[in-house]
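**Q** here is the input, now give the coordinates:
(one chain, ligands or ions: 2)
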Amino acid sequence: MRANDNMRSAAKVLVDQLNIHGVRHIFCVPGESYLAVLDVFHDCDLALTVCRQEGGAAMMAEAAGKATGRPGICFVTRGPGATNASAGLHIARQDSTPMIMFIGQVPRDVREREALQEMDYRATFGSIAKWVTEIDDPARIPELVSRAFHTATSGRPGPVVIALPEDMQRERVAVADAPPFEPVETWPGATDMVKLQKLLWSAQRPAVIAGGSRWSEPACASLARFAERFALPVATTFRRAHLFDALHPCYAGDLGLGVNPKLLARIKSADLVVAIGSRLGEVPSQGYTLFEIPGPRQTLVHVHPGAEELGRVFHPHLAINAAPTAFAAALEGLQPPTAIPWSAETKTAHAEYLAWTEEPTTVPGAVNPGAVMVWLRENLPVDAVVCNGAGNFNTWLHRFYRVRRFAGQLGPASGSMGYGVPAAVGMKRLYPERTVVAISGDGDFLMNGQEFATAVQFEAPIIVLIFDNSLYGTIRMHQEREYPGRVSATVLKNPDFAAYARAFGGFGVTVEKTADFAQAFKAAQASGKPAIVHLKVDPEAITPATTLTKLREQALAERRE
Ligand SMILES: Cc1ncc(C[n+]2csc(CCOP(=O)(O)OP(=O)(O)O)c2C)c(N)n1
Ligand SMILES: [Mg+2]
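**A** Numbers count the residues shown, from 1 in each chain. Ligands and ions are numbered 1, 2, ... in the order given. Below is the predicted model:
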């Protein structure tokens, strides 16, 4: 009899499948609903990160999926565990990230009675996850787990949810393992590439936009070679700056929030736009203003791994159903025209990017977040990973920090607060040798600040920068624009974040002026512990370009007109 034919518990079969599919890291919060699986973890060498809240665990798994292109894995308990985790699932959905979440479920014999913490996961997560299932028959674990890996990674990637009834996990079964999965590649057709070549040969002002998921380091290198050979300007979409080296002579900047007006004008006036991997969602399309709907004025080549995304909002001139990895490899076969009419424009585009990001703007207060980002870009190693959440503090990150490598910056394109700290913990667990920095706001940090304890427990010395303006600043900014002077629910009274770090067993330091930042950061690094650098930012410094008072005065003046 082969080993595969031996009786194993369902829990063991499940964990064996994870090993077979190449899983090395699991992020979890335990629950009595999956004790049998926890018991199998006891005897295997998977790196298990025990978190403090399921939202944190799910975001760590999502970050792992983003950085590796293979499903990040989390385990949570039923009911409240699952609903807590939904914050991370939603990021995976919007950001097209492969991820699998396992949930312990009530025993099969009490289902449908609304037993303790019982939920219908298909109904609850049906519109967030790509696929939701519940495994009743342990003999089908290899099949269904294999399907989960394929579903999470194929086409447009996304999250898969698998519920595991508690009693099912303990059942013993003789079943063969699945073969190891490999993500299914989606290649462009030869005709697609010929059409693209023709479009490029007849273009005068082309531009490339890179975004979305299903990229890799080699794919980014192929894109860079293509850009070089064709002298094409390349922009990245919101929170996807890691797809193109910011110092590459073809880099034109980031199509996010607070975008360089010159880049916007460039994309608007382009005659050909090749958008690779991005859904061209609300933020990169600048509130759906960059391209007309349904038929853009620019000749649009839209390359996306999900066939359902092509023509969904923008009708492309040429739709190519391909994954960025395969498409980037196919780009190597295209030949540039002998004379490239736009090469001088590309130099200008890069010069405009550098000019827009070179010097931090002046802002009120003694700490200038722009100067902090400039210091980081000059001092962090090129392979550092910077993780961020949502809030106006990021406008300085996206503008002044320069991402050089794939997975060098991970953020929620979905705009979810609370992502930076758990993503940083996840990255430090995956890549202990890399410098990992979390960029947080005061509001943003406390959405998942509890995962700082996870960093301490697992000796994962991340460095968290908290830009503390005592505000839910982004919302206050919108408030001053829409309802000037009527402050409602946007003021925060904050703890001493440096003391918070120390209370958790980490290193904490407070920075009150820009000039003290470098020393504080170095002290945080030298401590060897997870660290918080608490930066006191003037609430008036609401973006690199304006102040709260200016916004209010502008809005009031418009009302008087
Ligand atoms: C989970 C979640 N809740 C609420 C929001 C809405 N929201 C967006 S930014 C923001 C304020 C962020 O505050 P902070 O982290 O302090 O950053 P700041 O804007 O002050 O720099 C809020 C409440 C969100 N994006 N995500
Ligand atoms: Mg704030």
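
**Q** where do the strands sit along the stretch 1-150 of the chain?
**A** For the stretch 1-150 of the chain, the strands defined by DSSP state E, counting those that start in this stretch occupy 7-9, 25-28, 47-50, 72-76, 99-105, 131-134.

**Q** possible to save these as JSON lines with mean pLDDT, mean neighbour count and distance to E558?
**A** C-beta coordinates here come from the backbone N, C-alpha and C atoms, glycine included. What follows is those, written out as JSON lines (pLDDT from 0 to 100; neighbours: other C-beta atoms under 10 Å; distance: least, C-beta to C-beta, whole Å):
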{"stretch": "strand 7-9", "mean pLDDT": "97", "mean neighbour count": "17", "distance to E558": "67"}
{"stretch": "strand 25-28", "mean pLDDT": "98", "mean neighbour count": "25", "distance to E558": "47"}
{"stretch": "strand 47-50", "mean pLDDT": "98", "mean neighbour count": "18", "distance to E558": "50"}
{"stretch": "strand 72-76", "mean pLDDT": "98", "mean neighbour count": "30", "distance to E558": "46"}
{"stretch": "strand 99-105", "mean pLDDT": "98", "mean neighbour count": "29", "distance to E558": "44"}
{"stretch": "strand 131-134", "mean pLDDT": "98", "mean neighbour count": "19", "distance to E558": "47"}
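
**Q** what does this structure have sitting close to ligand 2?
**A** Neighbours of ligand 2 within the chain, by C-beta under 5 Å from the ion: G441, D442, G443, N469, L471, G473.

**Q** ok, back up a step: so which of the strands of the stretch 1-150 of the chain comes closest to A64?
**A** Among the strands of the stretch 1-150 of the chain, strand 72-76 comes nearest to A64, with 3.5 Å by C-beta to C-beta.

**Q** helices or strands next to that closest one in the packing?
**A** Under the contact criterion of 3 or more C-beta pairs under 8 Å, 6 or more residues apart in numbering; DSSP states H and E, strand 72-76 touches strand 25-28, helix 54-68, helix 80-94, strand 99-105.

**Q** nearest residue to D245 in space, please, no chain neighbours.
**A** Using C-beta to C-beta, 6 or more residues apart in numbering and skipping the chain neighbours, the partner closest in space to D245 is R404 (5.2 Å).

**Q** tell me the SS of the one you found?
**A** Here R404 is recorded as coil under DSSP: H, G, I helix; E, B strand; the rest coil.

**Q** which ones are touching it?
**A** Going by C-beta atoms under 8 Å, 6 or more residues apart in numbering, R404 touches D245, A246, L247, V382.

**Q** tally up the residues packed near the residue of the stretch 201-350 of the chain found nearest ligand 2, please.
**A** Per C-beta to the ion, L257 is where the stretch 201-350 of the chain lies closest to ligand 2, at 15.4 Å. For L257, the count of nearby residues is 18 (other C-beta atoms under 10 Å).

**Q** how about it, what does it touch?
**A** Neighbouring residues of L257 by C-beta under 8 Å, 6+ apart: F238, V283, N394, T395, H398.

**Q** out of the residues you listed, name the ones that lie in helices.
**A** N394, T395, H398 (DSSP state H).

**Q** just give the nearest non-adjacent residue to the first one, would you?
**A** The reference is to N394. Leaving aside its chain neighbours, N394 sits nearest to N388 (5.3 Å; criterion: C-beta to C-beta, 6+ apart).

**Q** what does the host helix or strand of F226 contact?
**A** F226 is located in helix 217-230, with elements delineated by DSSP states H and E. Outside helix 217-230, the residues that touch it by C-beta under 8 Å, 6+ apart are 200, 208, 210, 232-234, 242-245, 248-250, 276, 324-325, 328-329, 331-332, 334, 336, 340, 405-407.

**Q** any chance of the helices and strands packed on strand 72-76 in TSV with distance to T362 as columns?
**A** Shown next, in TSV, are the helices and strands packed on strand 72-76 (distance: least, C-beta to C-beta, whole Å):
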stretch	distance to T362
strand 25-28	41
helix 54-68	34
helix 80-94	34
strand 99-105	41
